[in-house]
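> model this:
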Amino acid sequence: MLLVRDEVPVRWLTLNRPDKRNALNAELIAALTAALEATPEDDGIRCLALTGAGKVFSAGADLAALRAMMDASEEENLADSRSLARLLSAIQGHPLPVIAALNGHAIAGGAGLSAACDLTIAVREAQLGFPEVRIGFLPAIVLNFLLRTLGHKAARDLCLTGRRVGADQALAMGLINEVCEQAQLQGRVRAIGAEIAQCSPEAVAATKLMFLELEAAGSLEEGLEIAVRLNADARMTDDCREGVTAFLEKRKPRWHPNE
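Below you'll find the predicted structure:
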C-alpha cells in the first residue's frame with residue numbers, strides 16, 4: 001500500500017497500488033497520513049519524497065470507493081472527506097520539505113497531493129489535471145492547496161475545463177518546479193535533498209511554518225507583524241548563532257544536534 005525507504009537525507013514514500021494507478025482509497029490515505037504524522041526522529045532525514053510505483057504517480061480518488069460512498073451517510077462522507085483534508089494538511093504542515101516526484105500522470109487528488117507539496121519534479125511524460133467536473137464531482141479540498149500554488153485564472157482554467165496539461169505547460173503555469181527525464185528523477189530529488197541537508201534543520205522548519213502563517217495573515221500589516229516576530233525570534237536560535245559564526249570563520253556550520 002505504502003512503501004517507506006530511507007536514502008539519507010531523503011525518505012521516500014511510495015504509493016504502492018500500481019494495478020490501481022495508485023488511486024487514493026481510505027487505506028492508502030490513512031497509511032500516508034500516519035507516515036507523515038509520525039514523530040520525526042534525528043536520523044539524518046532532511047526531506048521527504050512522495051512518488052508512485054509503476055508508470056503513474058496517482059490517478060486521484062479510487063472511483064470504486066467513491067461510488068460506494070455515495071450510499072453512505074452524510075456523517076460517513078464528511079469523515080471520509082476530512083481524511084483527505086487531514087492528509088494534505090499533514091504534507092503542507094510537515095516540518096521537513098516534501099518533494100513530489102511525479103513519475104507519471106498526477107490526476108485529480110493525485111495532482112492535489114502535488115499541489116500540497118513544497119516542490120514538484122515531474123518526468124517529461126507526466127500530465128496533470130483536475131477533471132472532477134467531468135464526472136460531476138468537485139475539486140473542493142485540493143482547491144485550497146491549488147490556489148496557494150497558482151493564481152486564480154490558471155486554477156479556474158484547470159478546474160472549470162477539467163483539461164490535462166503536459167509537464168512543460170505545467171512548468172510554465174507554475175504548477176510544478178522542474179521537468180526531467182524519467183531516468184533523472186530520483187537523482188534530481190537526491191540532489192535537492194543534499195542541498196536541503198546543508199541548511200539549518202531548525203530554520204527550514206521555521207520557514208515552512210512562516211509560509212503558512214503569512215498566507216493566513218488578513219492584511220499586509222498583520223503579515224509584517226508576524227514577520228517582525230519571526231525575524232527577531234530567529235536571531236536568538238542556536239542555529240542562527242552557529243550559522244553566522246561559521247560564515248565569519250569561513251567553515252561549514254555544525255547544526256544542532258547533527259553535524
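
> for the rest of this, base every contact and every neighbour count on C-alpha atoms.
Will do.

> what about residue 248, neighbour count?
By the criterion of other CA atoms under 10 Å, residue 248 has 9 neighbours.

> run through the strands of the stretch 51-200 of the chain in chain order.
All strands of the stretch 51-200 of the chain, identified by DSSP state E, counting those that start in this stretch, fall at 56-58, 98-102, 105-107, 119-123, 127-129, 164-166, 178-180.

> centre of the chain to the third one, how far?
On the basis of CA atoms, centre = their mean, to the nearest Å, strand 105-107 is displaced by 14 Å from the centre of the chain it belongs to.

> which neighbours in the sheet does it have, and how are they oriented?
Taking DSSP bridges as the criterion, strand 105-107 pairs within the sheet with strand 56-58 (parallel), strand 127-129 (parallel).

> what do you get for the last one?
Neighbouring strands of strand 178-180 in its sheet, by DSSP bridges, are strand 119-123 (parallel).

> low-confidence ranges, this structure, go.
257-259 (pLDDT under 70).

> from residue 208, how far out is residue 121?
Look at residue 121 and residue 208: by CA to CA, to the nearest Å, they are 19 Å apart.

> more neighbours, the two?
Set residue 121 next to residue 208 and count neighbours by other CA under 10 Å: residue 121 wins out with 24 against 17.

> residues contacting the more buried one?
If you count contacts by CA atoms under 8 Å, 6 or more residues apart in numbering, residue 121 has them with 99, 100, 101, 102, 176, 177, 178, 179, 180, 185, 188, 189.

> turn those residues into a markdown table, columns for distance to residue 31.
A markdown table is the format used below for the contacts of residue 121 (distance: CA to CA, whole Å):
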| residue | distance to residue 31 |
| --- | --- |
| 99 | 18 |
| 100 | 17 |
| 101 | 18 |
| 102 | 19 |
| 176 | 25 |
| 177 | 27 |
| 178 | 28 |
| 179 | 28 |
| 180 | 28 |
| 185 | 24 |
| 188 | 26 |
| 189 | 22 |
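
> ok, and the most crowded of the residues you listed?
Neighbour max across those (other CA under 10 Å) = residue 102, 33 neighbours.

> with adjacent residues omitted, what lies nearest to that residue?
Distances taken as CA to CA, 6 or more residues apart in numbering place residue 122 nearest to residue 102, at 4.5 Å, with adjacent residues excluded.

> just to revisit the earlier point, just the contacts of residue 121 now: which is nearest residue 197?
For residue 197, the nearest member of the contacts of residue 121 is residue 189. The distance, counting by CA to CA, is 12.1 Å.

> from residue 97, how far out is that closest one?
12 Å.

> now do residue 72
Residue 72 is 36 Å from residue 97, by CA to CA.

> per-domain residue ranges of this structure.
The chain breaks down into these domains under automatic domain parsing: 2-196, 200-248.

> so which of these is the most surrounded?
domain 2-196 (a mean of 19; mean count of other CA atoms under 10 Å).

> residue 150 contacts residue 174, doesn't it?
Yes: the pair residue 150 / residue 174 is scored as a contact, 6.5 Å apart, by CA atoms under 8 Å.

> picking up where we left off before, which one of the strands paired with strand 105-107 lies closest to residue 243?
In terms of CA to CA, the element of those nearest to residue 243 is strand 56-58, at 37.6 Å.

> residues touching that closest one, excluding its own?
15, 18, 21-24, 51-52, 102-107, 109-111.

> try 6 Å
Outside strand 56-58, the residues within contact range by CA atoms under 6 Å, 6 or more residues apart in numbering are 21, 22, 23, 102, 103, 104, 105, 106, 110.

> now these in JSON lines, with distance to residue 213?
Shown next, in JSON lines, are the contacts of strand 56-58 (distance: CA to CA, whole Å):
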{"residue": "21", "distance to residue 213": "35"}
{"residue": "22", "distance to residue 213": "32"}
{"residue": "23", "distance to residue 213": "31"}
{"residue": "102", "distance to residue 213": "28"}
{"residue": "103", "distance to residue 213": "31"}
{"residue": "104", "distance to residue 213": "32"}
{"residue": "105", "distance to residue 213": "31"}
{"residue": "106", "distance to residue 213": "28"}
{"residue": "110", "distance to residue 213": "25"}
